[in-house]
Every structure is written in C-alpha cells, then in structure tokens.
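**Q** coordinates only, sequence not included:
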C-alpha cells in the first residue's frame, strides 16, 4: 500500500493498520526507478497533476511513462484508480457525456443541457440548436483539475457568451435552493455532505453582467458568500433518498471503473429531481471522518478478491502403486 498522506492523517491510518495485515509506505518517488522501491500490493495515487502536465511538459510525460511502464509489467499490483479512467474525468467534455448517459438511464434524475466551446466564440459548439439552452448558463473550464478549474461564471444572455473563455463547458443552471450535496465514494461506501451553493436566480435570458466566481470558495463549509444567500424565503428541500444515491453511486462505479471519486449533486426546487453537476477525481473527503477506515477496508476487500481469483496451484496426482501379482 502506498500513498502520500498529510501528517495529521498518519496516526489514524497507522492505528487502523495495526489491526490489519497491511503495511504502509508513505510515498513513491516517481523520479527514481519504481522497481527498487517495491514491491507494491496496492498503489493509491492522485497523479492528476502529472497527467495534465504531460500534455505539454516532457519531464512530466517521462514520469508518467515510467509509472505506466511499471504498472504494465506488474499486473498484480492494484492501482487505485486506473489511469485511463482518471484521464477521462480530467476532461469535462468526456465526463459530461458520461453524466448525460447515466442520468438518462436513472429514474428521478435530470440532465441539464450542456454544450462545449472548443475555440473562438464565433465557432463555438453550444448545442445542436442554440435555442435548447435555457439561460442562465454556468461556464466551466474544460480541464477539471487545478485551481483554475474552480473558476466559473454565470452567463445571463446570448450577449454574455462573448465572455466565455474557451475551451469550456456550458451547463444550464438549475435552481436548487443554494444547497449542494457532495457525495464522496470509497469503494462500496459513500458519504453525503451538504455544502453551500449558488442561490436561486430568475430564469433568463435578461441583461445582467456576467458573474465570475470560484466554486471552491462558494461551497466551502464555512462559506458566507453573497452568492449563496437566498433572496427569498423558500421551503427547504428534502435530501436525496438513500435509494437514489445508492443507485447513482453503483452506476457511476460501473461506468467509470473507479473507487475513489466525488459527485456533486443538486435537487431542483421545481421538479425535485436530482442533477449531477460534476464528478471529481480523488476529492479531499473533508467532513468524512470515516475515510481512512473505509479506504483500508476497500483495499483489503480488493486484495482478498484478487487472491480468490488467482488460479490455485494443484499438486500432481500421486503415482498409482503397482499391484503385486497373486
């Protein structure tokens, strides 16, 4: 087992490991040969930075190639999570296609109309028919990683589209009572935490300056942003049902092939349907004190299943004893 852990988390993790058969290595040095640092039963990683930088940085590409080379030559090493699965979630164009397909197959969920701006706004791909878009729109960066991925904007009319910064994703805004449900997935377990979110807005289009905001700042547990303060008294919505969340997580795990991810879910104040608005790679699990115990339980389960799936060695049959002639 290996993963880079923050210091406050180490006593919790070590305390749990005392009661398991797992040993812990804190960190892999990607700049050094992995062969001499192993062997590894499980590698828990968050190589998002390396994957993104590999697009334009040869040193990062080399680190990624070395890591992939080790994994390919050690098929019994479990990787949490697989690199191809993580790569698709780093691209909101790809992850939103997954979200759309998923919400079409689940009852009680809705798919906000989404589109993408690939290049200049003059040749943007908003949707097959622009009229399908219902203003307001939330504009997000294409890359779903790094501090810039939290920089978003609210666009109120066609005129505001000129302020979209491509490549980006446009998503119809759904009024949801300023409540965001962050779902943290750890293998078979999931935990839901409520966070502040954007307040309700009248449906557009109408003339108003584009609002630029940082989603991380808006949805922090202690956030007191003016963008989260409701302008009118509205009845609080019931949280998503346990059955709906179980179905959602089950479908996402099967579709993504991942065990460690987060899902941002809202509930429409008009239709009471669920809407997935983002999927996050290996989130911070803030507000989930059970994270490490769940993670290590999942790792044990994965290793146990791997052991069961491996072909068992069989002993050759004993030679038959020749019978003496009577």
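**A** Received, thanks. The shown structure was predicted, so the numbers you read here are calculated from the model rather than taken from an experiment. Numbering: from 1, shown residues only.

**Q** Strands of the stretch 151-300 of the chain, residue ranges please.
**A** Applying DSSP state E, counting those that start in this stretch to the stretch 151-300 of the chain gives strands spanning 151-155, 168-172, 179-186, 189-196, 211-214, 260-267, 274-281.

**Q** any chance of those strands in JSON lines, plus mean pLDDT and mean neighbour count?
**A** (Glycine included, C-beta is placed from N, CA and C.) Listed next are those as JSON lines, based on pLDDT from 0 to 100; neighbours: other C-beta atoms under 10 Å:
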{"stretch": "strand 151-155", "mean pLDDT": "95", "mean neighbour count": "20"}
{"stretch": "strand 168-172", "mean pLDDT": "89", "mean neighbour count": "22"}
{"stretch": "strand 179-186", "mean pLDDT": "96", "mean neighbour count": "22"}
{"stretch": "strand 189-196", "mean pLDDT": "96", "mean neighbour count": "17"}
{"stretch": "strand 211-214", "mean pLDDT": "96", "mean neighbour count": "14"}
{"stretch": "strand 260-267", "mean pLDDT": "94", "mean neighbour count": "22"}
{"stretch": "strand 274-281", "mean pLDDT": "91", "mean neighbour count": "22"}
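
**Q** how far does stretch 277-287 stretch from start to finish?
**A** Here the two ends of stretch 277-287 are set 20 Å apart, with distance taken as C-alpha to C-alpha, to the nearest Å.

**Q** Figure out how far it is from the centre of its chain.
**A** Here the centre of stretch 277-287 is set off from its chain's centre by 6 Å, with C-alpha atoms, centre = their mean, to the nearest Å.

**Q** again, but for stretch 231-247
**A** Using C-alpha atoms, centre = their mean, the offset of stretch 231-247 from its chain centre is 21 Å.

**Q** Kindly report the same for stretch 174-184.
**A** Distance, centroid of stretch 174-184 to centroid of chain: 16 Å (C-alpha atoms, centre = their mean).

**Q** which regions of the stretch 51-200 of the chain sit below the pLDDT cut-off?
**A** In the predicted model of the stretch 51-200 of the chain, residues 103, 105, 107-133 satisfy pLDDT under 70.

**Q** quick one, helices of the stretch 101-250 of the chain?
**A** Taking DSSP state H, counting those that start in this stretch to define them, one finds helices in the stretch 101-250 of the chain at 215-218, 242-256.
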